[in-house]
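Participant: Provide a 3D model corresponding to the input given below.
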Amino acid sequence: MTLSTLSRNGAAPHVALDSAPLSGHLARAAESAYEIVVRNGTGYSKPAISVIVPTRNRRDLVYQTVEALAAQDLEPSSYEIIVVDNASNDGTVEMLSEIAAQTGVHITAARMRSDCGP
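Facilitator: The predicted structure is shown next:
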C-alpha cells in the first residue's frame with residue numbers, strides 16, 4: 001500500500017490503494033454512511049469545545065463519560081458532545097436521547113448504519 005500526504009511544494013495529497021483489507025474497509029465505510037439520531041441541547045451556538053466520543057456497544061461507559069462532562073463547571077453552551085456510534089446494539093443511542101433531555105447538554109449522536117470495524 002502506498003500512502004502519501006502533502007508534499008513540501010503544496011501538491012494535493014493522494015492515496016493509492018493496493019491493499020485488499022484496507023480497500024474492503026473503505027468500501028464498507030462508504031456504503032454504511034451514518035445518520036444523526038440524537039441532537040439536543042439548550043442555548044446551542046458554536047461551542048468553544050467539542051468532545052468526540054467514538055463507541056461501539058459501550059453504553060455504560062458512554063453514560064459515565066457524558067454524565068461526568070455534564071457535571072463539570074463549564075456552562076453547557078460552551079461545549080458539545082459528539083458521539084460517533086459504530087452501529088451499537090446495546091441501547092447506546094436510546095440512552096443518549098434520555099441523558100440529553102435530562103442534562104440540557106448539547107449531544108449529537110452520529111450512528112453508523114452498519115459496523116465499519118476498527
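Participant: which parts of stretch 61-68 are buried?
Facilitator: For stretch 61-68, a neighbour-count test (16 or more other CB atoms under 10 Å) marks 62, 63, 65, 66 as buried. Where you see a C-beta, it was placed from the backbone N, CA and C, and this is true even at glycine.
Participant: again but with stretch 96-115, I slipped
Facilitator: Those would be 96, 99, 100, 103, 105, 106, 107, 108, 109, 110, 111, 112, for stretch 96-115 by 16+ other CB under 10 Å.
Participant: these two touch, right, the fourth one and residue 66?
Facilitator: Yes - using CB atoms under 8 Å, residue 103 is in contact with residue 66, at 7.5 Å.
Participant: Can you show me the helices along this protein?
Facilitator: 20-32, 59-70, 92-103 (DSSP state H).
Participant: Comparing the ones you listed by mean pLDDT, which bottoms out?
Facilitator: Among the helices of the chain, helix 20-32 carries the lowest mean pLDDT, a mean of 58.
Participant: Could you report the neighbour count for residue 77?
Facilitator: Using other CB atoms under 10 Å, residue 77 has 17 neighbouring residues.
Participant: Just give me the neighbour total for the closest residue to residue 115 other than its chain neighbours.
Facilitator: Nearest non-adjacent residue to residue 115, counting by CB to CB, 6 or more residues apart in numbering: residue 87, 4.6 Å away. Neighbours of residue 87 under the rule other CB under 10 Å: 16.
Participant: My guess is residue 87 contacts residue 114. True?
Facilitator: Yes - counting by CB under 8 Å, residue 87 does reach residue 114; the two are 5.4 Å apart.
Participant: Tell me who's in contact with residue 49.
Facilitator: Applying CB atoms under 8 Å, 6 or more residues apart in numbering to residue 49 gives the contacts 74, 78, 79, 80.
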